[in-house]
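Asker: turn this into a structure:
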Amino acid sequence: MQFLLAKHVDRARESCQSLRDKHVTPHVLRHTTAMELLQAGADRSVIALWLGHESIATTQIYLDANLDIKQAALDKIEPVRGRVTRFRPDDQLMAFLKDL
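Answerer: Residues are numbered from 1 along each chain as shown. Okay, here's the model as predicted:
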């Protein structure tokens, strides 16, 4: 499995710049898929079954770790000063979006 993945990642790196500095492993793919499923609204028990975990608690370790990483990144950001208002797109942007 790992040999096949490495072979295809090497091939993909030829045309995909963002893969050149990434360490891609079967574990990384499993974790990424689990996080995508969570963000898409999949139930944690379904994710646990998909990953082959006997317990949802095992899956929860992955999910909590990801949330901790996000929180650490947010903690480094300065809050926006002043009054925050709702974004209101102009007519040109709305016309563009409507034509999509």
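
Asker: who are the packing partners of whichever helix in the chain runs longest?
Answerer: Counting residues, the longest helix in the chain under DSSP state H turns out to be helix 56-75. With contacts taken as 3 or more Cβ pairs under 8 Å, 6 or more residues apart in numbering; DSSP states H and E, helix 56-75 sits against helix 26-39, helix 44-51. The way it works is simple: take the backbone N, C-alpha and C, and place the C-beta from them, glycine included.

Asker: show residues contacting the last one.
Answerer: Just to be clear, that refers to helix 44-51. Applying Cβ atoms under 8 Å, 6 or more residues apart in numbering, the external contacts of helix 44-51 come out as 30, 33-34, 37-38, 55-56, 58-60, 63.

Asker: and that helix, average pLDDT?
Answerer: The average pLDDT within helix 44-51 is 89.

Asker: pLDDT weak spots in the chain?
Answerer: Scanning the chain for pLDDT under 70 picks out 65.

Asker: most distant residue from the centre of it?
Answerer: No residue in the chain sits farther from the centre than Asp91, which is 32.1 Å out by Cα atoms, centre = their mean.

Asker: next, count neighbours for the nearest residue to Leu5 once chain neighbours are set aside.
Answerer: Distances taken as Cβ to Cβ, 6 or more residues apart in numbering place Pro26 nearest to Leu5, at 6.0 Å, with adjacent residues excluded. By the measure other Cβ atoms under 10 Å, the count of residues near Pro26 is 12.

Asker: and Gln17, by the same measure?
Answerer: The number of residues packed near Gln17 is 8, by other Cβ under 10 Å.

Asker: do the one 4 residues further on as well
Answerer: Burial of Asp21 is recorded as 7 neighbouring residues (other Cβ under 10 Å).

Asker: again, but for the one 4 residues further on
Answerer: Using other Cβ under 10 Å as the criterion, Thr25 is surrounded by 14 other residues.

Asker: pretty sure it is touching Val9, no?
Answerer: No. In this structure, Thr25 is not within contact of Val9 by Cβ atoms under 8 Å, at 9.2 Å.

Asker: just the helices and strands packed on helix 56-75: most buried one?
Answerer: Mean neighbour count (mean count of other Cβ atoms under 10 Å) peaks for helix 44-51 among those, with a mean of 15.
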